[in-house]
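everything below, folded, please.
(one chain, ligands or ions: 2)
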Amino acid sequence: MSTVPQWRLRAAFATRLSEMYGREVPAYTTLVDVSREVNEDVLGERGADAERLGSIGRVTAERHGAIRVGTPRELSQVARIFAAVGMHPVGFYDLREAAASAVPVVSTAFRPVDGEELARNPFRVFTSLLTPADPRFFDPDLRSRLETFLGARELFPKELLELADRAAGEGELPDVQADRFLELAVAAFELSQGPVDRAWYQELERVSAVAADIGGVRSTHINHLTPRVLDIDELYRRMTDRGIEMIDTVQGPPSWKGPDVLLRQTSFKALAEPRAMRAPDGTVTSGALRVRFGEVEARGIALTPKGRALYDDLLGQVDRQAAGQPPRRRGDIARSMWERHMPADEGALAAQGLAYFTYEAAPGRPHAGHVPSEAAELVRGGWVRARPIVYEDFLPRSAAGIFQSNLSGEGTRDSAQQGVAYDAAWLSGAIGRDVLDPYALYEEQQSRSLARAARELGLKGTIAATG
Ligand code: OOG
Ligand code: NI
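Ligands and ions are numbered 1, 2, ... in the order given. Just a heads-up that it's a prediction; the model follows:
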């Protein structure tokens, strides 16, 4: 009897979800096809350089999904399913604050954390938890009915959770159980055909379309699945040429000639999907809901806290300059801002301590002379080689932008009320496992590589990264 290790379960889970979502949302398949074409073209033009932030094999298979759940209990069950395939909660995102319209959720991303695991298959799922206790969105009566509704539903069958715990505990599953696990896990994220209680859904929708999508139905579903592309501007053009209506902009850093950092994302608008609706008198009719969309992303280099502060600051300046201008202008404003303030090459990003890299002894390194002890100087002198660490996480503002650009209404928010404060520690408690700090993970990867490089060079001390 053979067994399936966690990373293979993860890869198969991503593939099967992708097949399922492609059947449900055919425009997603178009997005995947166009992404593949763009990636092949970029690889043809730029050669090995195109693979600097990930092998073409990894990039082609790479997806992130997004799901939304209603209660800490549901979130902790999701965490068990993801743990089975080697995905752990990383990062805390408060979209209540990042969005202008009503997005009453806090989120984390489940993903592999180890470099080797990421290289094998980097599947990640952005996972949002509804916040019914936040009085800015829900009054006490609605909160209580919402919590009762959520408390009465079961998103995941017991058999699935038991198989998940076994996979997490043993690090693998026998073939037959692996197949069953995957079947149940994928089914749990399919769009339900069951009728939606129209009055309840609409009541929540008046508060927030996201609240209705989460708490207005008895099951959960994949909200979108996002392929990774090597040239997102080219993808945007090709999708538009095919007549697919994209949102106004690409979220995140602008397109420019310097290094790609963090994450750039864009999407096509949510499509109307047929859903059965139950009227208050019990009759079921066919209706339509517009909640699921297609998104695509390009990933860049992970920034240090200092680099991220620069990024956030520049974005704020772009906002101020772009206010009152047509949306098209924003890209140019951002580009000139970047040209003035962002280092124009990887070497400068590293030397200023703005981004994370891994370091290794260079093959043709000099043999004589004084060997410096600082990473940037070692690179400059040809002793070590630096490779950028790719950003594996998300951006709250872009996430809010993606949520928002696809909501039909603004929803409502009572800003006179005091919001409930949540943070990573609270979310860890809700999930029942630690929400990891993304910076700590990048930092650790970088310092491990520096220690290895120091050994390779025969240095007595350590190599200092620039901070
Ligand atoms: C999640 C939106 C965030 C991203 O890529 O930033 C997201 C959602 O719509 O549930 O997926
Ligand atoms: Ni997304």
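
show me which residues of the stretch 201-350 of the chain sit near ligand 1.
Applying C-beta under 6 Å from any ligand atom, we find that the stretch 201-350 of the chain lies next to ligand 1 at N223, Q265, E295. Backbone N, C-alpha and C define where each C-beta goes, glycine included.

show me where the stretch 201-350 of the chain has strands.
Counting by DSSP state E, counting those that start in this stretch, the segments of the stretch 201-350 of the chain that form strands are 224-227, 263-278, 284-299.

so for stretch 303-315, mean pLDDT?
Mean pLDDT, computed over stretch 303-315, is 97.

scratch that, stretch 380-390 is what I was asking about
With pLDDT averaged residue by residue, stretch 380-390 scores 93.

so what touches that stretch?
52-54, 259, 299-302, 346-347, 350, 355-362, 364-366, 371-372, 375, 378-379, 442, 445-446, 453, 457, 463 (C-beta atoms under 8 Å, 6 or more residues apart in numbering).

quick one: buried ones out of those residues?
With burial judged by 16 or more other C-beta atoms under 10 Å, the buried subset of these is 53-54, 259, 299-302, 346, 350, 355-359, 361-362, 371-372, 375, 378-379, 442, 445-446, 453, 457, 463.

so which of those residues sit within helices?
Using DSSP state H to define helices, the subset of these located there is E346, A350, A375, L378, V379, Y442, Q445, Q446, A453, L457.

now those residues as CSV including distance to ligand 2?
As requested, these are exported to CSV (distance: C-beta to the ion, whole Å):
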residue, distance to ligand 2
E346, 26
A350, 29
A375, 33
L378, 38
V379, 34
Y442, 20
Q445, 23
Q446, 26
A453, 35
L457, 41
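
tell me the one among these nearest to ligand 1.
When those are ranked by distance to ligand 1 (C-beta to the nearest ligand atom), Y442 comes first, at 18.5 Å.

out of everything not next to it in sequence, what's closest to the closest one?
Using C-beta to C-beta, 6 or more residues apart in numbering and skipping residues adjacent in sequence, the residue nearest Y442 is Y356, 4.3 Å away.

and that neighbour, how far is that from V42?
Look at Y356 and V42: by C-beta to C-beta, to the nearest Å, they are 23 Å apart.

can you tell me if the lowest-mean-pLDDT helix or strand in the chain touches ligand 2.
For the chain, scoring each helix and strand by mean pLDDT, DSSP states H and E identifies helix 396-405 as the least confident one, at a mean of 83. No. Figure legend: helix 396-405 not in contact with ligand 2 (C-beta under 5 Å from the ion); closest approach 5.8 Å.

next helix or strand past that helix?
The C-terminal neighbour of helix 396-405 among helices and strands, as given by DSSP states H and E, is helix 424-431.

give me the contact list for that next one.
Looking at helix 424-431 with C-beta under 8 Å, 6+ apart, the contacting residues turn out to be 72, 75-76, 79, 89, 91-92, 106, 108, 129, 434-435, 437.

only whichever of the residues you listed are buried, select them in PyMOL.
Paste this into PyMOL to select the buried members of those, with burial taken from 16+ other C-beta under 10 Å:
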select buried, resi 75+79+89+91+92+106+108+129+435
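
for ligand 1, see how far away W200 is.
With distances taken as C-beta to the nearest ligand atom, to the nearest Å, W200 is found 20 Å from ligand 1.

contact partners for that residue?
W200 makes contacts with F149, G216, as judged by C-beta under 8 Å, 6+ apart.

count the residues that sit near the nearest residue to F189 once chain neighbours are set aside.
Here the nearest residue to F189 in space, its sequence neighbours aside, is I222; by C-beta to C-beta, 6+ apart that works out to 4.7 Å. The criterion is other C-beta atoms under 10 Å. On that basis, I222 has 23 neighbouring residues.

hang on, I222 packs against I67?
Yes. Contact between I222 and I67 holds when scored by C-beta atoms under 8 Å: they sit 6.2 Å apart.

shared neighbours of those two, anything?
For the pair I222 and I67, residues contacting each of them under the criterion C-beta under 8 Å, 6+ apart are F189.

surely K460 is in a strand?
No. Following the definition DSSP: H, G, I helix; E, B strand; the rest coil, K460 is coil and is not counted among the residues of a strand.

for it, grab phi and psi.
phi -80, psi -50 (degrees, to the nearest 10).

so how many other residues sit close to it?
The number of residues packed near K460 is 6, by other C-beta under 10 Å.

also A376?
As a burial measure, the neighbour count of A376 was computed by other C-beta under 10 Å and equals 20.

again with the one 5 residues further on
The burial metric for G381, expressed as a neighbour count using other C-beta under 10 Å, is 15.

got it, and L354?
Look at L354: counted by other C-beta under 10 Å, it has 23 neighbours.

check R275 too.
Burial of R275, expressed as a neighbour count using other C-beta under 10 Å, amounts to 20.

equivalent analysis for T283, please.
Burial of T283 is recorded as 9 neighbouring residues (other C-beta under 10 Å).

look up how far Q265 lies from it.
Relative to Q265, T283 is positioned 41 Å away (C-beta to C-beta).

which residues in the stretch 51-200 of the chain form strands?
63-69, 88-94, 105-111, 124-130, 172-174, 196-197.

need these in a markdown table (columns: distance to ligand 1 and mean pLDDT).
Compiled in a markdown table, the strands of the stretch 51-200 of the chain are given as follows (distance: least, C-beta to the nearest ligand atom, whole Å; pLDDT from 0 to 100):
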| stretch | distance to ligand 1 | mean pLDDT |
| --- | --- | --- |
| strand 63-69 | 4 | 96 |
| strand 88-94 | 8 | 97 |
| strand 105-111 | 7 | 97 |
| strand 124-130 | 4 | 98 |
| strand 172-174 | 28 | 98 |
| strand 196-197 | 18 | 94 |
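
dump the ones you listed into JSON lines; add distance to E392 as well.
Below are these laid out as JSON lines (distance: least, C-beta to C-beta, whole Å):
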{"stretch": "strand 63-69", "distance to E392": "10"}
{"stretch": "strand 88-94", "distance to E392": "8"}
{"stretch": "strand 105-111", "distance to E392": "6"}
{"stretch": "strand 124-130", "distance to E392": "7"}
{"stretch": "strand 172-174", "distance to E392": "24"}
{"stretch": "strand 196-197", "distance to E392": "35"}
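
right, so of these, which gets closest to D241?
With C-beta to C-beta as the criterion, D241 lies closest to strand 63-69 of the strands of the stretch 51-200 of the chain, at 23.6 Å.

end-to-end on stretch 374-392?
26 Å (C-alpha to C-alpha, to the nearest Å).

gap between that stretch and the chain center?
Counting by C-alpha atoms, centre = their mean, to the nearest Å, stretch 374-392 is centred 27 Å from the centre of its parent chain.
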